[in-house]
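K.L.:
what's the 3D shape of this:
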Amino acid sequence: MEKEENKSEDKNTLKDYFALGEVANYFFRKKDPNRPTNFNIKSMHVINKISMGMFLIGVIYLIVKNLF
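P.N.:
Purely as a prediction, here's the structure:
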(Lines give C-alpha, C1' and ligand atoms only; values in the text may rest on other atoms or scores of the structure.)
Protein backbone atom coordinates (compact mmCIF):
# COMPACT_ATOMS: atom_id res chain seq x y z
CA MET A 1 0.00 0.00 0.00
CA GLU A 2 2.87 2.38 0.78
CA LYS A 3 4.46 1.84 -2.63
CA GLU A 4 1.26 2.88 -4.37
CA GLU A 5 1.09 6.08 -2.33
CA ASN A 6 4.75 6.91 -3.09
CA LYS A 7 4.17 6.43 -6.82
CA SER A 8 1.43 9.06 -6.82
CA GLU A 9 3.66 11.48 -4.87
CA ASP A 10 6.61 11.03 -7.27
CA LYS A 11 4.71 12.24 -10.34
CA ASN A 12 5.72 15.69 -11.53
CA THR A 13 3.07 18.13 -12.60
CA LEU A 14 3.30 20.88 -15.19
CA LYS A 15 3.61 23.36 -12.34
CA ASP A 16 6.78 21.60 -11.15
CA TYR A 17 8.45 22.01 -14.54
CA PHE A 18 7.83 25.76 -14.66
CA ALA A 19 8.82 26.54 -11.06
CA LEU A 20 11.41 29.29 -11.36
CA GLY A 21 11.76 29.96 -7.65
CA GLU A 22 15.22 28.43 -7.43
CA VAL A 23 16.51 30.61 -10.27
CA ALA A 24 15.00 33.75 -8.75
CA ASN A 25 16.48 32.88 -5.36
CA TYR A 26 19.92 32.47 -6.93
CA PHE A 27 19.80 35.93 -8.51
CA PHE A 28 18.27 37.81 -5.57
CA ARG A 29 19.51 36.10 -2.43
CA LYS A 30 21.05 37.92 0.51
CA LYS A 31 24.70 37.53 1.38
CA ASP A 32 25.35 34.84 3.96
CA PRO A 33 28.11 35.84 6.40
CA ASN A 34 28.90 32.17 7.12
CA ARG A 35 29.62 31.38 3.46
CA PRO A 36 33.29 31.47 2.49
CA THR A 37 34.23 34.17 0.00
CA ASN A 38 37.21 34.28 -2.28
CA PHE A 39 37.88 35.30 -5.87
CA ASN A 40 37.22 31.85 -7.32
CA ILE A 41 33.76 31.53 -5.77
CA LYS A 42 32.78 35.08 -6.70
CA SER A 43 33.88 34.62 -10.31
CA MET A 44 32.06 31.28 -10.52
CA HIS A 45 28.82 32.90 -9.37
CA VAL A 46 29.21 35.78 -11.83
CA ILE A 47 29.76 33.35 -14.71
CA ASN A 48 26.76 31.27 -13.61
CA LYS A 49 24.52 34.35 -13.47
CA ILE A 50 25.65 35.48 -16.91
CA SER A 51 25.06 32.06 -18.44
CA MET A 52 21.61 31.67 -16.86
CA GLY A 53 20.66 35.16 -17.99
CA MET A 54 21.80 34.49 -21.55
CA PHE A 55 19.89 31.20 -21.58
CA LEU A 56 16.69 32.85 -20.37
CA ILE A 57 17.05 35.64 -22.94
CA GLY A 58 17.56 33.01 -25.67
CA VAL A 59 14.47 31.07 -24.60
CA ILE A 60 12.38 34.25 -24.54
CA TYR A 61 13.71 35.19 -27.99
CA LEU A 62 12.76 31.78 -29.42
CA ILE A 63 9.29 31.97 -27.91
CA VAL A 64 8.70 35.47 -29.28
CA LYS A 65 10.13 34.55 -32.67
CA ASN A 66 7.86 31.51 -33.00
CA LEU A 67 4.73 33.35 -31.81
CA PHE A 68 5.02 36.34 -34.14
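
K.L.:
now for whatever helix or strand S51 lives in, which elements pack on it?
P.N.:
Using DSSP states H and E, S51 falls within helix 39-67. Packing contacts for helix 39-67, counted by 3 or more C-beta pairs under 8 Å, 6 or more residues apart in numbering; DSSP states H and E, involve helix 21-27. C-beta here means a position set from N, CA and C on the backbone, and glycine is covered the same way.

K.L.:
mean confidence score for the helix it packs on?
P.N.:
Mean per-residue pLDDT for helix 21-27: 75.

K.L.:
And the helix holding S51, how far out from the chain middle?
P.N.:
11 Å (C-alpha atoms, centre = their mean, to the nearest Å).

K.L.:
least trustworthy helix or strand in the chain by mean pLDDT?
P.N.:
helix 2-10 (a mean of 56; mean pLDDT, DSSP states H and E).

K.L.:
Show me what stretch 12-25 is in contact with.
P.N.:
Stretch 12-25 has contacts (C-beta atoms under 8 Å, 6 or more residues apart in numbering) with M52, L56.

K.L.:
Next, the distance between the ends of that stretch.
P.N.:
Chord length of stretch 12-25, first to last residue, is 21 Å (C-alpha to C-alpha, to the nearest Å).

K.L.:
same question, stretch 34-42
P.N.:
End to end - C-alpha to C-alpha - stretch 34-42 spans 15 Å.

K.L.:
ok, now stretch 13-27?
P.N.:
25 Å.

K.L.:
So which bits of stretch 32-52 are buried?
P.N.:
Using 16 or more other C-beta atoms under 10 Å as the test for burial, stretch 32-52 gives no buried residues.

K.L.:
Can you give the distance of that stretch from its chain's centre?
P.N.:
Centre to centre, stretch against its chain (C-alpha atoms, centre = their mean), the figure for stretch 32-52 is 15 Å.

K.L.:
outside of it, which residues touch it?
P.N.:
Contacts of stretch 32-52 (C-beta under 8 Å, 6+ apart): V23, Y26, F27.

K.L.:
just for this protein, where's the confidence low?
P.N.:
1-9 (pLDDT under 70).

K.L.:
Could you measure from the spatially most central residue of it over to G58?
P.N.:
By C-alpha atoms, centre = their mean, the chain has its centre lying nearest to V23, at 3.2 Å. To G58, V23 is 14 Å away according to C-beta to C-beta, to the nearest Å.
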